[in-house]
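Asks: Okay, structure incoming, though there's no sequence with it:
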């Protein structure tokens, strides 16, 4: 099992030295490197006092020194003096070179990180390389990877954390065909359809309207997700057997995956795995390779689903062990795990996601985590703060949202909610449908909920990048304080 950094351990310290002309980039570098495990100091933290003495103190007390090398540092005697002082103090030095012309005379022999033309992008290969070098140096994997603002998938971009608007034939108010057509009009960030539902529109039963809607989403900026279909198959007790020869099976999944050609395809999963964690990892990888071979999809598109062993007593430990090994073996765009398997209650689920995120960040690369079946706004916020990146759920087409309390009411309560909150619907396409009295009731409710969930995710993204992200939880009525305490524990 991979070692997890002890959060109670004294943080390491890094000191950045730089030219004053590069202050903006220094701020971005410091912000990107800071974590509970790494304190970062640079001269912008010094407002007054004896500058030289303070800088020397910080260098002496640092564990590493990071010079930002640019065209502005070539003729900066103070910059060279600070570097030389770090050498006299035997501080490990990790030059971060954004312009090779700025390398001071005699400093070219250091193992530098090439980050030419870096503008502050935390997904830049040079920045990622620096974090990996620091992590390797400390030999503890303590440098936390920062969640990127977006993930690139097949030429499209998905802002994180993200909500994927799921569609299903099982117990929703919106059938998948109508839902797909609605998604084509609303252009969501991402939409998920079930491979099980899609199978009814292939072969001799091919439905032209369904495929027109699928093609429209594929050509748009929206990301199209395809799940394994096992949720609907299990709920409908419709698996292939000698008595049910037309039931759902992995061969049908492969056929659907090839025809739909989605941006993200979740691998065919086995819901109730048995055996040790090592055995479960082995089976997930074997099933993933089978699906990859049958569909021709790679880790950029094909993403595994992790299920935990039945009856496990230590959910967090099992989840960490399985998810991290899968990440290290495949490094897919997303790794999915059902919310219901993270624990019985929201506080336990938060704890589990935090443990998974800590362990994933110790791998040295950022692995996005998709939580399946999370459609409650409070759960989305809580699990996003704990390290979840992507969520999908059916609540948006099963209930009606309250903009004020961020709670969900019965689907039929929409007209009363609309009377109060209709004016808050911001997206033009959604508003035109919500206000269309002649439109089917289900489409009006779904359009209203679509706008709400987009609004909520914008707010979640903003708060996660704020100085006090836990305020997102504290404002939740009745349970917000408890959630914030769990987040900070």
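Replies: Great, that's in hand. Computed from a predicted structure; not experimentally measured.
Asks: Need the residue closest to the centroid of the chain.
Replies: residue 389 (2.2 Å; CA atoms, centre = their mean).
Asks: if I read this right, that one contacts residue 369, doesn't it?
Replies: Yes. With contact defined as CB atoms under 8 Å, residue 389 counts as touching residue 369 (5.2 Å). The way it works is simple: take the backbone N, C-alpha and C, and place the C-beta from them, glycine included.
Asks: quick one, what contacts the closest residue to residue 246 other than its chain neighbours?
Replies: Nearest residue to residue 246 in three dimensions, chain neighbours excluded: residue 240, at 7.4 Å (CB to CB, 6 or more residues apart in numbering). By CB atoms under 8 Å, 6 or more residues apart in numbering, the contact set of residue 240 is 246, 247, 248, 249, 252.
Asks: for the residues you listed, which one is nearest residue 220?
Replies: Using CB to CB, residue 252 comes nearest to residue 220 of the contacts of residue 240, at 26.7 Å.
Asks: now the residue lying closest to the closest one once chain neighbours are set aside: how far from residue 319?
Replies: Distance criterion CB to CB, 6+ apart; nearest residue to residue 252, sequence neighbours excluded, is residue 199 at 5.4 Å. According to CB to CB, to the nearest Å, residue 199 and residue 319 sit 31 Å apart.
Asks: which of the two has more neighbours?
Replies: Between residue 199 and residue 319, residue 319 has the larger neighbour count (other CB atoms under 10 Å), namely 23 against 20.
Asks: Would you check that that one makes contact with residue 325?
Replies: No. Taking contacts as CB under 8 Å, residue 319 lies outside contact range of residue 325: 11.2 Å.
Asks: where does the stretch 1-150 of the chain have low pLDDT?
Replies: 1-10, 44-50, 102, 105-109, 139-145 (pLDDT under 70).
Asks: at 90 instead, please
Replies: 1-12, 20, 27-28, 30-58, 72-81, 83-92, 99-129, 131-149 (pLDDT under 90).
Asks: which residues touch the residue nearest to residue 252?
Replies: By CB under 8 Å, 6+ apart, the neighbours of residue 199 are 229, 248, 252, 255, 256.
Asks: most neighbours, which of those?
Replies: Neighbour max across those (other CB under 10 Å) = residue 229, 27 neighbours.
Asks: Name the helix or strand for the residue nearest to residue 43 when sequence neighbours are not counted, please.
Replies: The spatial neighbour of residue 43 that comes closest, neighbours along the chain excluded (CB to CB, 6+ apart), is residue 55 at 6.4 Å. According to DSSP states H and E, residue 55 maps onto helix 51-61.
Asks: Next secondary structure element downstream of that helix?
Replies: strand 64-69.
Asks: before we move on, the earlier item: might you calculate how far the helix holding residue 55 sits from the centre of the chain?
Replies: Centre-to-centre, helix 51-61 and its host chain are 38 Å apart (CA atoms, centre = their mean, to the nearest Å).
Asks: What angle do strand 64-69 and that helix make with each other?
Replies: Per axes from the mean of the first three to the mean of the last three CA atoms, to 10 degrees, the angle that helix 51-61 makes with strand 64-69 is 130 degrees.
Asks: Next, the buried residues of helix 51-61.
Replies: By 16 or more other CB atoms under 10 Å, the buried positions in helix 51-61 come out as 55, 56, 58, 59.
Asks: and which of these is nearest to residue 176?
Replies: When the buried residues of helix 51-61 are ranked by distance to residue 176 (CB to CB), residue 58 comes first, at 59.1 Å.
Asks: from memory that closest one sits against residue 51, does it?
Replies: No. Judged on CB under 8 Å, residue 58 makes no contact with residue 51 at a distance of 10.9 Å.
Asks: Please parse this protein into its domains.
Replies: By the assignment in automatic domain parsing, the chain contains the domains 12-138, 150-488.
Asks: Mean pLDDT lowest where, among these?
Replies: Among the domains of the chain, domain 12-138 carries the lowest mean pLDDT, a mean of 83.
Asks: got the end-to-end distance for that domain?
Replies: 9 Å (CA to CA, to the nearest Å).
Asks: Same question for stretch 476-489: list its buried residues.
Replies: 476, 480, 483, 484, 486, 487.
Asks: Could I get the buried residue list for the helix or strand harbouring residue 458?
Replies: Assigned by DSSP H and E, residue 458 belongs to helix 441-464. For helix 441-464, burial by neighbour count (16+ other CB under 10 Å) applies to 442-457, 460-461, 463-464.
Asks: Same check on stretch 286-300?
Replies: Buried residues in stretch 286-300, defined by neighbour count with 16+ other CB under 10 Å: 287, 288, 291, 292, 294, 295, 297.
Asks: cool, stretch 365-372 as well?
Replies: Buried, per 16+ other CB under 10 Å, within stretch 365-372: 366, 367, 368, 369, 370, 371, 372.
Asks: Please identify which of those is nearest to residue 268.
Replies: Nearest to residue 268 among the buried residues of stretch 365-372, with distances taken as CB to CB, is residue 372, at 14.0 Å.
Asks: and the residue lying closest to that closest one once chain neighbours are set aside, what is it in contact with?
Replies: Leaving aside its sequence neighbours, residue 372 sits nearest to residue 338 (CB to CB, 6+ apart; 4.4 Å). Neighbouring residues of residue 338 by CB under 8 Å, 6+ apart: 305, 307, 371, 372, 373.
Asks: give me the element the residue lying closest to the first one once chain neighbours are set aside is part of.
Replies: Put plainly, it is residue 305. Once flanking residues are discounted, residue 305 sits nearest to residue 269: 4.0 Å by CB to CB, 6+ apart. Per DSSP H and E: residue 269 is located in neither a helix nor a strand.
Asks: Now do the same contact list for residue 269.
Replies: Counting by CB under 8 Å, 6+ apart, residue 269 has contacts 228, 230, 287, 304, 305, 307.
Asks: what number of residues lie near the fourth one?
Replies: Residues within reach of residue 304, counting by other CB under 10 Å, total 25.
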